[in-house]
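**Student:** quick one, structure for this:
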Amino acid sequence: MSSSGVPGEPGLWVFLLGDMAIFAIMFVAFLFDRAKDPELYLMSRESLDLTIGLTNTMVLLTSSLIVVIALRNVRATAFGRATWAFAGAALCAVVFTALKAVEYTHLVQEGHGPDSNPYFMWLFILTGVHLAHVALGFVVLVVLMLRARRRIRSEGSGRVFYEGGTCYWHLVDLLWMMLFPLVYLVA
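**Tutor:** Numbers count the residues shown, from 1 in each chain. Sure, this is the predicted structure:
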């Protein structure tokens, strides 16, 4: 942690808060658009496979727990365990992405592509931007895994790097925790 007790660097927090603000604007735009035709949004939402959404939620929650375990192992200089934990979290990112691909494929095959109506446009925009964050998070997790595998130090700037990467992954999880109920559950 930095001298202020906040993990990562201040610049990272500016990025994370800015990213959250962009998502907040998109969420408000989605809600504003939904208010124009709530019946369309409700009917469209029924086309989603809630099982995939719930499974993805559990996958991301699991990955966040694994990342916490990884960071604790880094701080304890248990780099072997940290390596495996970061690998497990990266695997969760792959599973999430695969499930999203299955979901997108089914939706498009059923005629619910991004151009079919405003709900699906927003669904693909919101989940697609989030998926881009998952992809970047996967890269971050792999880099953290490789650093842990090489036993790269966990104090000073090395620790800040581990903390920053895990904070980014938690942002990915947090965004999904807001996105999932918004597009899958809220009537």
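**Student:** CA atoms for contacts and neighbours, from now on please.
**Tutor:** OK.
**Student:** contacts only, for I69.
**Tutor:** I69 is in contact with 82, 85, counting by CA atoms under 8 Å, 6 or more residues apart in numbering.
**Student:** so it, which of the three states?
**Tutor:** For I69, the secondary-structure state derived from DSSP: H, G, I helix; E, B strand; the rest coil is helix.
**Student:** number of residues surrounding V102?
**Tutor:** Residues lying near V102 (other CA atoms under 10 Å) number 12.
**Student:** name the helix or strand for it, please.
**Tutor:** Using DSSP states H and E, V102 maps to helix 79-109.
**Student:** check the offset of that helix from the chain's centre.
**Tutor:** 10 Å (CA atoms, centre = their mean, to the nearest Å).
**Student:** now the one helix or strand in the chain whose mean pLDDT sits lowest: buried residues?
**Tutor:** Lowest by mean pLDDT, DSSP states H and E among the helices and strands of the chain is helix 157-180, with a mean of 91. Residues of helix 157-180 classed as buried: 159-173, 175-176, 179-180 (neighbour count, 16 or more other CA atoms under 10 Å).
**Student:** quick one on the thing from earlier: and the angle for the helix holding V102 with helix 157-180?
**Tutor:** Inter-element angle recorded for helix 79-109 and helix 157-180: 30 degrees (by axes from the mean of the first three to the mean of the last three CA atoms, to 10 degrees).
**Student:** dihedrals phi and psi, D49?
**Tutor:** With angles defined as degrees, to the nearest 10, D49 sits at phi -90, psi 100.
**Student:** coming back round to it: buried residues in the helix holding V102, which are they?
**Tutor:** The neighbour-count check on helix 79-109 (16+ other CA under 10 Å) flags 79-97, 99-100, 103-104, 106-107 as buried.
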